[in-house]
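K.L.:
Here is the input, now give the coordinates:
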Amino acid sequence: QAAAASTSSKASTTIDTVAWSVESPPNLAGLLDAGGLLVASSSLVLVLKPASLPAGFTVRFRCTVADTEKNTGYSEITVQSALPPMGGTLVLQPAAGQALSTAFTLTATGWTTDADML
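P.N.:
Alright, predicted model coming up:
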């Protein structure tokens with residue numbers, strides 16, 4: 001899934017520039033420059049490509065906006081990416097069959113994930 005965040009402005013103010021940045025962690029500072037975006041980094045909306053955040057990371061993004069009178073402000077959003085589920089099994093029954101004529105059943109059991117991320 002793509003992660004999204006947005007900002008809003010007052011109707012009486014004309015936005016001149018918008019810039020998104022990664023505030024932390026420092027090792028992901030190039031995330032917005034490395035093709036991880038679905039829209040331009042100068043947009044009021046930040047949309048990341050699926051799987052562009054490493055699993056289990058917490059990332060703080062900042063949107064800095066300036067108006068035509070050079071007044072500036074910023075807003076930050078912190079996003080935590082989930083760890084993948086682990087420890088389970090996936091069973092296919094029957095183990096062999098004919099495409100489009102055999103009814104296959106996939107059973108997933110024993111998988112765990114961090115409940116706080118759900």
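K.L.:
By mean pLDDT, which helix or strand of this protein comes out lowest?
P.N.:
In the chain, no helix or strand scores lower on mean pLDDT, DSSP states H and E than strand 4-6, which sits at a mean of 55.
K.L.:
could you give me the average pLDDT of the helix or strand following it?
P.N.:
Following strand 4-6 in sequence order, the next helix or strand is strand 15-24 (DSSP states H and E). Strand 15-24 shows a mean pLDDT of 88.
K.L.:
Packing partners of strand 15-24?
P.N.:
Under the contact criterion of 3 or more C-beta pairs under 8 Å, 6 or more residues apart in numbering; DSSP states H and E, strand 15-24 touches strand 58-67. Every residue, glycine included, has its C-beta placed from N, CA and C.
K.L.:
from the chain's centre, how far out does the strand it packs on sit?
P.N.:
15 Å (C-alpha atoms, centre = their mean, to the nearest Å).
K.L.:
The next helix or strand after that strand to strand 15-24, inter-axis angle?
P.N.:
Next along the chain after strand 58-67, taking DSSP H and E as the criterion, comes strand 72-80. Interaxial angle, strand 72-80 versus strand 15-24 (axes from the mean of the first three to the mean of the last three C-alpha atoms, to 10 degrees): 40 degrees.
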